[in-house]
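> sequence first, then the predicted structure:
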Amino acid sequence: MTSAKNHTIENWGYEHPEVRGPNALMFFTWDLSKTIENAFQDANEENLDQYVMQAQASVDRLLSRYVEIGADPEVFDGQYINLSIEKRNDSNSALIALETSPQLEEKIIEMQSRVQPGHS
């Protein structure tokens, strides 16, 4: 079994001085994307399963970090994101699936509806 590598990420949204309140969720989704990309950077279709546990631990740490700094307690406290690998029936490919707690998912969808694509 090959061990998954951790690549260094220079800038985190949770380190930004404006990561409080309404801005926190935007920074979180940015960090979440980077966390998942980083965790699976060396993965391929054949070994995705080897990376899921490490990626889940990284996502859990990220969510905990947002709770610890009090970024937006109403949004982050008590929430979760679970990762899994879903095999596609129509092909031999696999997808990384995120199961987000209903409250966190609702907040992300609300945020996305307020932000126009291509604008930050």
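Yep, it's here. Nothing here was measured: the structure is a model prediction, and the numbers come from that model.
> give the contact list for the residue located most distally from the centre of the chain.
The C-alpha centroid of the chain is most remote from residue 90, which lies 26.2 Å away (Cα atoms, centre = their mean). By Cβ atoms under 8 Å, 6 or more residues apart in numbering, the contact list for residue 90 is empty. Any C-beta I mention is one placed from the backbone N, CA and C, and that applies to glycine too.
> with residue 51 instead?
4, 39-40, 42-43.
> could you list which of those residues belong to helices?
With DSSP state H as the criterion, helices contain residue 39 from among the contacts of residue 51.
> pick the one among the contacts of residue 51 closest to residue 62.
Using Cβ to Cβ, residue 39 comes nearest to residue 62 of the contacts of residue 51, at 10.3 Å.
> in terms of pLDDT, where does that closest one sit?
In the predicted model, residue 39 carries a pLDDT score of 93.
> next one: residue 5
For residue 5, pLDDT reads 52.
> pLDDT below threshold where in this protein?
1-9, 116-120 (pLDDT under 70).
> can you map out the strands along it?
Using DSSP state E, the strands found in the chain span residues 81-87, 94-100.
> mind putting these into TSV with distance to residue 110?
As requested, those are arranged in TSV below (distance: least, Cβ to Cβ, whole Å):
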stretch	distance to residue 110
strand 81-87	17
strand 94-100	13
